[in-house]
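Colleague: make a model of this:
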Amino acid sequence: MKIETQRLILRKLEDTDFERMFLMDSDPEVMKYLGPPVQNKEESKEVIRMIQKQYEENGVGRLAVIEKASGLLIGWCGLKLLKEPINGYVETLDLGYRFIPEFWGKGYAWEAAKATLDYGFNELKADSIYAFADSGNTGSKYILNKMGFENTGEFEDSGVKCSWYELKREKYL
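Modeller: Presented below is the predicted three-dimensional model:
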């Protein structure tokens, strides 16, 4: 799994990515809608191991987003196969993304998400791809709407009110 866009390379997360992952996931602003920030680099290493296991078991997982100009990991984006029910859905593909704040507002999330959706619909032949976001996360909801996702309702995830989104293959292509 390697995807290239004009400005980005999306590739599997590697063990050596833990420092940039820690930089991102320890930032309270990044984690505002996601849960408590990670406290140490070992937690970031564990997240990477968990995602690497998803590559092996499910053939998909979140990918490191590398900015070509700097060579830096600036976030992650990708598809995850939902193995535990979320909003009643299981065994479906979920689009997710997360970026280091200094790279917000530059169109990277949209660019990475577009490349990921192209991969999901064209290579994986998905019929639908889903996504969800904390109902208060206007930035994430903006990107999903811009990508053509339809907000199909709200649900609670661990006591947090979330918006559920669906993008059907025929609407995307």
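Colleague: all contacts plus neighbour counts: C-alpha atoms, from now on.
Modeller: Will do.
Colleague: from E42, how far off is the residue lying closest to V38 once chain neighbours are set aside?
Modeller: The shortest distance from V38 to any residue other than its chain neighbours is 4.8 Å, reached at S26 (Cα to Cα, 6 or more residues apart in numbering). In this view, S26 and E42 are 12 Å apart by Cα to Cα, to the nearest Å.
Colleague: same drill for the two, tell me which one is more crowded.
Modeller: Of the pair S26 and E42, S26 is the one with more neighbours under other Cα atoms under 10 Å, namely 19 against 13.
Colleague: the more buried one against P37, yeah?
Modeller: Yes: here S26 reaches P37: they are 4.5 Å apart, a contact under Cα atoms under 8 Å.
Colleague: identify the bridge partners of the residue lying closest to E4 once chain neighbours are set aside.
Modeller: In space, not counting the residues next to it along the chain, E4 is nearest to L10; the distance is 6.2 Å by Cα to Cα, 6+ apart. Residues in a beta bridge with L10, per DSSP bridges, are I3, V65.
Colleague: ok, L10 - contacts?
Modeller: When contacts are counted by Cα atoms under 8 Å, 6 or more residues apart in numbering, L10 touches 2-4, 63-66, 76-77, 112.
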